[in-house]
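Colleague: Next one to model:
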Amino acid sequence: MKLKPLIDDLKLDYINKNITDENFPYGEFQDGGDVTLFHPNRYMSSNDVTAAMENEGLRPATLHEMLIWAAENWNGEDWVIALGSVASLDGEQHVAFLDRFDTERGLYLVWRDYVWSGFCRFAAVRKSQSSETHTIKPSYPLNHQRNDKRDM
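Modeller: This is a model prediction of the structure:
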């Protein structure tokens with residue numbers, strides 16, 4: 001599944017040039033489950049968000065899953081982050097998110113290792129019986145922490 005048609009469907013004003021099929025390949029663990037928004041409503045690191053999702057039987061949605069969901073469900077304003085797809089760019093791990101900045105709706109990249117603000121929402125997928133039997137091997141170290149705490 002290619003990103004371009006999924007992105008085109010959203011009619012965004014801005015798309016980060018590094019959001020490509022090469023940087024965010026379609027993965028084998030995308031089971032097409034229903035995407036929901038996970039809203040912890042407090043500051044949390046990416047690792048803490050992922051752990052909290054796990055506790056609720058969820059996993060982070062991939063970029064492809066988030067874009068499919070967004071075509072019919074995104075309100076065009078909230079920050080919605082896809083922690084399930086990570087791109088390595090210039091030695092840093094990045095994730096994609098949807099946002100509205102002023103009047104511009106866009107698809108942006110940000111460092112994965114942020115401490116996210118309480119207003120952020122995360123695209124998540126309920127784990128199915130079949131997906132729980134697979135081991136997802138992330139392309140980033142799960143114990144890597146960034147010390148700078150940005151207001152995201």
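
Colleague: what about dumping the CA coordinates of whichever strand or helix holds Ala52 to CSV?
Modeller: Here Ala52 sits within helix 46-55, counting by DSSP states H and E. Listed in CSV are the C-alpha atoms of helix 46-55, where the atom choice follows Å, rounded to 0.1, in the frame of the first residue of the first chain:
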residue,chain,number,x,y,z
SER,A,46,6.5,7.7,23.8
ASN,A,47,7.6,4.6,25.7
ASP,A,48,5.1,5.3,28.5
VAL,A,49,2.3,5.9,25.9
THR,A,50,3.1,2.6,24.3
ALA,A,51,3.1,0.8,27.7
ALA,A,52,-0.2,2.4,28.6
MET,A,53,-1.7,1.3,25.3
GLU,A,54,-0.5,-2.2,26.0
ASN,A,55,-2.3,-2.2,29.3
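
Colleague: Can you tell me how far the residue positioned nearest the centre of the chain is from Thr103?
Modeller: Nearest to the mean C-alpha position of the chain, counting by CA atoms, centre = their mean, stands Ala82 at 0.6 Å. Distance, Ala82 to Thr103, using CB to CB, to the nearest Å: 23 Å. The C-beta positions use only the backbone N, C-alpha and C, and glycine is treated the same way.

Colleague: Val80 versus Lys127, what's the distance?
Modeller: Distance from Lys127 to Val80, by CB to CB: 19 Å.
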